[in-house]
Every structure is written in C-alpha cells, then in structure tokens.
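Asker: Next input, structure requested:
(chains A and B)
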Amino acid sequence: MSLAFDPARWWPAPLLPRSDGRDLALFFVVAALSLLAGCAAVAGLVGERAAKGWRAELSGSATIVVRAQGAESPDEAAARAAEAVSGVRGVAEARALGAAKADALLAPWIGARALPADLPIPRLVTVELDPKAPASGADLQAALNARGLDATVDDHSRWTAQIMGAGALIRGVALSLFVLILAVLGAVIAFATRQGLAARRDLVEALHLAGATDAFIARLFQARFARCAAEASLVGAVLAIAAAAALRLAAHPGALALPPIAWRDLAAPAPFPILGALVAAVTARLTAMKALERRP
Amino acid sequence: MRYGREPEVLRDLTFDLGHGSFHFLTGPSGSGKSTLLKLIYLAERASRGRIELFGQDLARLRRRDHPRMRRRIGVVFQEFRLLDHLSVFDNAALSPRIAGKKPASYRADVADLLAWVGLGERMHAMAPALSGGEKQRLAIARAVINRPDILLADEPTGNVDEAMGLRILRLFLELNRVGTTVLIASHDTELVGRSGKPALHLENGRLAPGPALVSELAR
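Answerer: Next comes the predicted model:
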C-alpha cells in the first residue's frame, strides 16, 4: 500500500472537476452584475434620502405674498400678516421681509434702482412650520383672510409633490434595475448550467448509470454555481461598497456636489453574496433538473 | 430493438438468466452484444418486446425508479468510463457515495477491494495515469463495490493481455461464487472456453448455436 495514501483519512473529492475554464468567465460576469446591483441599491437609498430631505425642507416652511390695501403701507401689511399667522397652531415662527429684501428678489428681472420708491411692491412673509405638526396652507390662508389681508400662501406643496414623484421614480428605477440584474444573473447561471451539463455529458451519464438520481446530479451543479456566484457576488459587493465609500469621502463641502451618501448606505450591497448564491442555486437546480429529465 | 429507422439490431430473443448464474454473451462484432447489455442496464429502451429484471418489466419501469434498479446492477464498460479527474480510490468509491453512504462506512471496503484487484499500491493515482489493465481492474472494482445482484461486463478482457484476461476471469468467477449473477459480453472464444460457463451466442441480432467450446478451467 502506498505510504502517501491513507484510506482511513480519505475524503471524497468533488465529483465536478475543481478547475474549469468557463468558471472564470462566469465569475467575472457575476461579479460585474453584483457591482451594478450594489451601485443600484446605494443609488436607490441615496435618492430616497435626498427626496425626503428636500421634502422636509420644503414642507417645513411657507411663503406668504402680501399686497397692501388702501392707506396701509406694504410693510404694515406684512407685519400684520406675520402677526396673523404667528398665532396659528403648527407655526413656529413668522417673519416679514423688509422692502430691501423684496427689491432684491425683483432685481434679477427688472434691475436695481429701477423701481419708484412709492410703488406698492408686495412684501413677503416667511413662515417656519412646526416640523412635528405643521400648519397647512389652508390654515394660514384662513388666518390671513380673517384679518382682511390681501395675501397668498405658497406652502410649496406643488414642489413637494414633484420631489416626491422624483423620489418614487428613483426608487422605482433602482428597484427595476435590481430585479433586472437578478433576472440576468439567473439567465447567465441557467446558460452556464446547460453548458456545464453538455460539457460534462460523460460524467452525467456515468453517474446516472451508477445509480445517481437527477436530484443528486442537479445538486452538484447547484452547489458549484451557488459557490461561484457567492464568491463573485462578494467581489462585486466589495467593489460597490468601495466605490460608494470613495464617493462619500469625496462629497465634502467645496468638492463634488453629490447626493448625501450615508455610511449605513454602504451596507446595502452586503447581502448580495447570499442573494447571488440563492438565485444561482435555485436557477442551477431548476435548469439541471429540467435538462436531466429530458434524458432517456 | 432498433435505432431510429435503422433495421432491428436485436430480434426474437428469448432467454432467462437464473439468479446466481454465470453466462457469456458471444458473437462477432455488430451482432448486438453491447446493445443487449445496454437494454439490461437501462441505457437503452427496447422498441418492442419484454425485458424483465428482478421481477419488473423494464418497459414499464418509471424513470424515477431507474436509479434504484441501476444500483442493483454492476456494469464494466468496454471503454471503462472512469472519471479522469478523480483518483483510483474516488472512482472505486463512486457507487456507495452515490447511494448516500457515509465515507466512514465504506472506506475500508474500497481499500480491501482495490487491494483484491491488485490496485492497493495505486489508490492515490489519478485515473488517466493507469495502464489499460489497471483501468480495467478499477472499472471492475467500481462495478462490484456495492455487491450488485447482477454484473454486466462488455469485453472486459479486450484491452489486456492473456494473463491479465485470465486473472480478470477468475475475479468474475469469485464474484459469481458469492452469489452475483454474471453476464459477460466477449468475442474471446478461448477465454469463454476456459471458463466452462455457458454462452449465449448472437448472430445478426438473434440467438444462434455457438461454436464448440473447450473448458480448460473445468478440466
């Protein structure tokens, strides 16, 4: 008996050959898909957070345009409007902007010093709303009407809806990309499984004739591709995390203007190795079983 | 039995292999020996007729029942069909592994069997590194490791010299002695004669009277 081989310490070798040239190409494709999926997941989270942030900024304030009536000066009307809405529940602070600020807002359109001093330019009142229970535009308008003020409330609801729509769109696109990438991963694994079965036809036949069930053979391919997908997805996920971290570090004030990437967003690609392995295992299993059932 | 629209390869065959019997299957190349074996080990399905194995009609056997049936059959293929990426030990251990047995339960059996077929010093070698005779003996070891009820061998001495052929024949006779039914396809009439065992002779896909055989082992 050979001194180099001890049957008592023998353990079964993999029934599918360890090295296979096709696995490297598959590894690269799955890693690239995982990288793209990771970027999509991070982008989806960042887009969602940006939309929420912008909405919070807009919905936390309102602007009132006040037009003077009768003998009342614009500044007096603005002061009265600020006082009127200050008492409304859900308003944290109301502040009337002076004539200088109103002129500054109009300057880009009609130029500086072009306005007569006695022109009744509408004044603006900025209102900071209670973030926990903000007053609605209708509440503010009612308070102004009750004081007999000619004023219009802009609670930014039009912009808020558009921003939320944009946020939902970003989330939807990211989710669609994610699902598409998973579908592509499944298709790639199915193709690779069929190729593997064809390339290992002799092995499959030998196993069948030795009494192997279809499930036994399918498990070999399932395990092989699940492991390959897990390793490749891990590489892709690490690259996605590294890319997101680099953008996070580059996004300090004065540098790149990027949406807010939070450190916790970097965890989004972390489950991909498990998810990739799961998709690969299920796809390889179903594909192999279907192909094997067609054999005599 | 026919392949596609080709003429029938086997026809009008009626024979019975008793439990624990030993038969040769002889005949010239193309007479249908390999096809008959394939029908028995479920690699082919008969286009007509009835083949009964272990009391079951193979034509009515469901595909999902094939593995259970195949585990009762040991096959030595003419071209060996060893798995080149596996060692001698792994190749020999294939059947119990497929049957779901734990390695600890068959390690010793595999080692003993490999020693018995003269491969005790080659357990660690990879299959492609073996000589023709060694591959033949490994194929036999793989076929019998699970103690099959029937052993089918297709030209098992076709790739070995006369001495090795006799050694393999003695191995089959030994297996038969412990109760395994044996059917060996061979065109080596001298070897068949030496064994003293009956032969089913095929000519053009039909059973035919075989040439007179002389039994040396029986004498």
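
Asker: Strand partners (parallel or antiparallel) of the helix or strand of chain B with the lowest mean pLDDT?
Answerer: Using mean pLDDT, DSSP states H and E, strand B:206-208 stands out as the lowest-scoring helix or strand of chain B, at a mean of 78. With DSSP bridges as the test, strand B:206-208 is paired with strand B:199-203 (antiparallel).

Asker: Can you give me the buried ones in the strand it pairs with?
Answerer: B:199-202 (16 or more other C-beta atoms under 10 Å in any protein chain shown). For glycine as for every other residue, the C-beta is placed from the backbone atoms N, C-alpha and C.

Asker: So what touches that strand?
Answerer: Defining contact as C-beta atoms under 8 Å, 6 or more residues apart in numbering or on different chains, one finds that strand B:199-203 is touched by B:10, B:15, B:23-28, B:31-33, B:36, B:192, B:207-211, B:213.

Asker: Over to stretch A:178-191?
Answerer: Contacts for stretch A:178-191 (C-beta under 8 Å, 6+ apart): A:26, A:29-30, A:33, A:36-37, A:40-41, A:44, A:225, A:229, A:275-276, A:279-280, A:282-284, A:286-287.

Asker: Check the secondary structure at the closest residue to chain B within the stretch 101-250 of chain A for me.
Answerer: Proximity of the stretch 101-250 of chain A to chain B (C-beta to the nearest C-beta) peaks at A:Gly211, 3.7 Å away. Following DSSP: H, G, I helix; E, B strand; the rest coil, we place A:Gly211 in the coil state.

Asker: Could you pull up the contacting residues of it?
Answerer: Here A:Gly211 is in contact with B:67-68, B:70-71, B:95, B:98-99, B:146 (C-beta under 8 Å, 6+ apart).

Asker: Also near chain A: which of these, exactly?
Answerer: Filtering those for proximity to chain A by C-beta under 8 Å from any C-beta of the partner chain leaves B:67-68, B:70-71, B:95, B:98-99, B:146.

Asker: Low-confidence regions, chain B specifically.
Answerer: For chain B, residues meeting the criterion pLDDT under 70 lie at B:1-5, B:210-219.

Asker: Just list what the longest helix along it packs against, helices and strands only.
Answerer: Criterion DSSP state H: the longest helix present in chain B is helix B:162-177. With contacts taken as 3 or more C-beta pairs under 8 Å, 6 or more residues apart in numbering or on different chains; DSSP states H and E, helix B:162-177 sits against strand B:22-26, helix B:132-144, strand B:150-154, strand B:181-185, helix B:189-195.

Asker: Show me which of the contacts of strand B:199-203 are buried.
Answerer: Buried among the contacts of strand B:199-203 (16+ other C-beta under 10 Å): B:10, B:23-27, B:31-33, B:36, B:192, B:207, B:210, B:213.

Asker: sorry, back to before: could you dump the ones next to chain A among the contacts of A:Gly211 into TSV and include secondary structure and neighbour count?
Answerer: Converted to TSV, the ones next to chain A among the contacts of A:Gly211 look like this (DSSP: H, G, I helix; E, B strand; the rest coil; neighbours: other C-beta atoms under 10 Å in any protein chain shown):
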residue	secondary structure	neighbour count
B:Pro67	helix	21
B:Arg68	helix	13
B:Arg70	helix	22
B:Arg71	coil	18
B:Ser95	helix	23
B:Ile98	helix	21
B:Ala99	coil	17
B:Asn146	coil	21
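
Asker: what's the distance between whatever helix or strand A:Gln141 lives in and the middle of its chain?
Answerer: Element membership for A:Gln141, per DSSP states H and E: helix A:137-146. Taking C-alpha atoms, centre = their mean, to the nearest Å, the mean C-alpha location of helix A:137-146 is offset from the chain mean by 38 Å.

Asker: now for the helix or strand hosting A:Leu275, which elements pack on it?
Answerer: Taking DSSP H and E as the criterion, A:Leu275 maps to helix A:272-293. Counting by 3+ C-beta pairs under 8 Å, 6+ apart, the packing neighbours recorded for helix A:272-293 are helix A:21-59, helix A:157-199, helix A:214-250.

Asker: helices and strands around the shortest one, which ones?
Answerer: With contacts defined as 3+ C-beta pairs under 8 Å, 6+ apart, the secondary structure elements packing on helix A:214-250 are helix A:21-59, helix A:157-199, helix A:201-209, helix A:272-293.

Asker: quick one on the thing from earlier: put the alpha carbons of the helix holding A:Leu275 into PDB.
Answerer: Extracted C-alpha coordinates of helix A:272-293, given in PDB (Å, rounded to 0.1, in the frame of the first residue of the first chain):
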ATOM      1  CA  PHE A 272     -25.600  40.200  -2.300                       C
ATOM      2  CA  PRO A 273     -23.300  37.200  -1.800                       C
ATOM      3  CA  ILE A 274     -26.100  35.400  -0.100                       C
ATOM      4  CA  LEU A 275     -28.700  36.600  -2.600                       C
ATOM      5  CA  GLY A 276     -26.500  35.800  -5.600                       C
ATOM      6  CA  ALA A 277     -25.800  32.300  -4.200                       C
ATOM      7  CA  LEU A 278     -29.500  31.800  -3.600                       C
ATOM      8  CA  VAL A 279     -30.500  32.900  -7.100                       C
ATOM      9  CA  ALA A 280     -27.700  30.800  -8.600                       C
ATOM     10  CA  ALA A 281     -28.600  27.700  -6.600                       C
ATOM     11  CA  VAL A 282     -32.300  27.800  -7.500                       C
ATOM     12  CA  THR A 283     -31.700  28.600 -11.100                       C
ATOM     13  CA  ALA A 284     -29.000  25.900 -11.500                       C
ATOM     14  CA  ARG A 285     -31.200  23.300  -9.700                       C
ATOM     15  CA  LEU A 286     -34.300  24.000 -11.900                       C
ATOM     16  CA  THR A 287     -32.300  24.200 -15.100                       C
ATOM     17  CA  ALA A 288     -30.300  21.000 -14.300                       C
ATOM     18  CA  MET A 289     -33.500  19.100 -13.300                       C
ATOM     19  CA  LYS A 290     -35.300  20.100 -16.400                       C
ATOM     20  CA  ALA A 291     -32.400  19.200 -18.700                       C
ATOM     21  CA  LEU A 292     -31.800  15.800 -16.900                       C
ATOM     22  CA  GLU A 293     -35.500  14.900 -17.100                       C
END
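
Asker: Now it: buried residues?
Answerer: In helix A:272-293, counting by 16+ other C-beta under 10 Å, buried: A:272-273, A:275-281, A:283-289, A:291-292.

Asker: what angle separates that helix from helix A:201-209?
Answerer: Helix A:272-293 runs at 70 degrees relative to helix A:201-209, counting by axes from the mean of the first three to the mean of the last three C-alpha atoms, to 10 degrees.

Asker: to the chain's geometric centre, what's the distance from helix A:272-293?
Answerer: Worked out by C-alpha atoms, centre = their mean, helix A:272-293 lies 27 Å from the chain centre.

Asker: One more: stretch A:186-195?
Answerer: 29 Å.

Asker: weakest of the helices and strands packed on helix A:214-250 by average pLDDT?
Answerer: Ranked by mean pLDDT, the helices and strands packed on helix A:214-250 bottom out at helix A:21-59, which scores a mean of 85.

Asker: What is the subsequent helix or strand relative to it?
Answerer: strand A:61-67.

Asker: Could you list the paired strands of that following strand along with their orientation?
Answerer: Assessed with DSSP bridges, strand A:61-67 is paired to strand A:123-129 (antiparallel), strand A:150-154 (antiparallel).

Asker: That concludes my questions; thank you for your assistance.
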